[in-house]
Every structure is written in structure tokens, then in C-alpha cells.
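> Task: produce atomic coordinates for the following.
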Amino acid sequence: MTTKVEATAVRDGRWWLVRLPELDTAGQARTVREIRAVATEVAALWLDVPESEVEVSVRVHVDEQAEALWDEASRVEAEARLRVQEAAALRRRAVRVARDDGYTLDAVGAAFSISHQRVQQLAAQEALPA
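Have a look, this model is predicted:
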């Protein structure tokens, strides 16, 4: 049976302090690459089980400002993905409206500066069920 343990790591001078809060213990790693191994070893020793029976998830922390900027970038990126999806839906609707009004593929392509093949693709995507 595998025991799952969460660990956090923060830089402490030239070392990394590896905390395992649920076990109320910690260890030290020299490099970032050693963090998972150290966490696994400490957890296995603490639980008195083989390392193969421990699964560790590690969260490495850096400067708070850097983490806040990264989180903000993730939020902005998620918003941007939604906006791109909205734009794509609007383009498909524009093609559908133009085609429903009787405009040819070439005319719609010329109006929107896209090829008639792209017009066909957008029209086909619009016709698919959501």
C-alpha cells in the first residue's frame, strides 16, 4: 500500500528546507533535484516503511512576489484562452450569417480576408453540435 505525503521546499541559505507538515518533520536538500528524494527518504524513515511505499508530492516555493506574478500570469492566460474561444465562436457565427444570406464561399472569404477553404472549415465547425 502506498502512503501519499505532501512536502514543501523553501530555500534556506545554500540549502533547501524540505517540510512534511502532516508528519511534523523536515529534512534538508542541497539542490532542487534532491528535494523529492529527501522528502521520500524522510517520510519513509518517519513512517518506518520502504521508500517504494511512499508517494511524495512536492511544492517548491520561491520569492512571494515571483509566485504572485506567476499566479497572475496563469489567471491572465486562462482569461485569454476564454477570449480566444469567444472570438472563434464569433467568427464561426459571422461566416454562418454571411452564408445564410446567400454569399458564396469566395465572397465571404474576400470579405473576411480568408480563403474559401477556411470559410468551409468555419461553416462546418459552426454546424457541429456543441
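
> Assign a three-state SS to the residue of the chain most remote from its centre, would you?
Note on the chain: the largest separation between a C-alpha and the mean C-alpha position, by Cα atoms, centre = their mean, falls on residue 102 (42.6 Å). Here residue 102 is coil, with the state taken from DSSP: H, G, I helix; E, B strand; the rest coil.

> tell me which element the residue sitting nearest the centre point of the chain falls in.
The structure's the chain has its C-alpha centroid closest to residue 74; by Cα atoms, centre = their mean the separation is 7.8 Å. Assigned by DSSP states H and E, residue 74 belongs to helix 64-100.

> starting at the chain centroid, how far to that helix?
Distance, stretch centre to chain centre, for helix 64-100: 15 Å (Cα atoms, centre = their mean, to the nearest Å).

> ok, now how distant is the residue nearest to the centre of the chain from residue 80?
11 Å (Cβ to Cβ, to the nearest Å). C-beta here means a position set from N, CA and C on the backbone, and glycine is covered the same way.

> Repeat that for residue 103.
Distance check for residue 103 against residue 80: by Cβ to Cβ, it reads 31 Å.

> what about those two, which has more around it?
For residue 103 versus residue 80, neighbours defined as other Cβ atoms under 10 Å are more numerous around residue 103 (16 against 10).

> Tell me the pLDDT of residue 125.
We have a pLDDT of 88 for residue 125.

> which SS class is it?
helix.

> neighbours around it, how many?
Using other Cβ under 10 Å, residue 125 has 14 neighbouring residues.

> That'll do, ta.
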